[in-house]
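Chemist: Whatever this is, show me its structure:
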Amino acid sequence: MIEKFLHWHHCHKGKCDIHTFTYMNLIGDGVHNFIDGLIIAASFSVDISFGVITTIAVIAHEIPQEIGDFGVLVYGGFGRLKALAFNFLSAVTAIIGAVIGYLISGSVEGFVPFLLPFAAGGFIYIAASDLVPELHKESDNEEPHSKLWGISLETSADYSSCPCPLAV
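Modeler: You can find the predicted model right below:
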């Protein structure tokens, strides 16, 4: 669908200055960041500590993603300064999403109960599709212990900061 709004052509070496995928990356990243803003606002509407934990989780996954997006933009033909500026503009959609999420969370019934499980499902998908396969790769004997401690620490932090009734 995005292709209909952009002039779509295949770039071959020396035939175009900026590849079309750079614009598609910016649009996708803008939508992604907007949803992150909605998620952060919804989590703050539940509880301040839940909002802080969610914000930290989003930042932790955004930093490497934005570095990767910067690389995609530069590889696609943007100069470094232009890539940085457009990447920043794409990140601003998170603030717009947070403001809209804050306004909606107080007035639309069912917004928070819908959005938070949606966000949790996204993080579970990332863990199941990207992280778990990495745990199954063969490694030396010391690494499985550190993986176990890391997973235990993360799970403990999740449950100790959760404002839900399941946290003890």
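Chemist: any weak-confidence spans in this structure?
Modeler: Screening the chain residue by residue with the criterion pLDDT under 70, one finds the ranges 1-16, 131, 135, 138-148, 150-168.
Chemist: The closest residue to Leu73 other than its chain neighbours and Met24: what is the separation?
Modeler: Nearest residue to Leu73, sequence neighbours excluded (Cβ to Cβ, 6 or more residues apart in numbering): Ala83, at 3.7 Å. Every residue, glycine included, has its C-beta placed from N, CA and C. Noted for Ala83: a distance of 15 Å to Met24, by Cβ to Cβ, to the nearest Å.
Chemist: Compare those two (neighbour count), which wins?
Modeler: Ranked by neighbour count (other Cβ atoms under 10 Å), Ala83 and Met24 place Ala83 first, with 21 against 17.
Chemist: where along this protein do the helices fall?
Modeler: 20-46, 48-75, 80-107, 111-126, 132-135, 143-161 (DSSP state H).
Chemist: quick one, which of the ones you listed is packed in tightest?
Modeler: Across the helices of the chain, averaging neighbours per residue (mean count of other Cβ atoms under 10 Å) puts helix 20-46 on top, at a mean of 20.
Chemist: starting at the chain centroid, how far to that helix?
Modeler: Chain-centre distance of helix 20-46: 7 Å, with Cα atoms, centre = their mean, to the nearest Å.
Chemist: okay, the angle between that helix and helix 111-126?
Modeler: Relative orientation of helix 20-46 and helix 111-126, computed by axes from the mean of the first three to the mean of the last three Cα atoms, to 10 degrees: 130 degrees.
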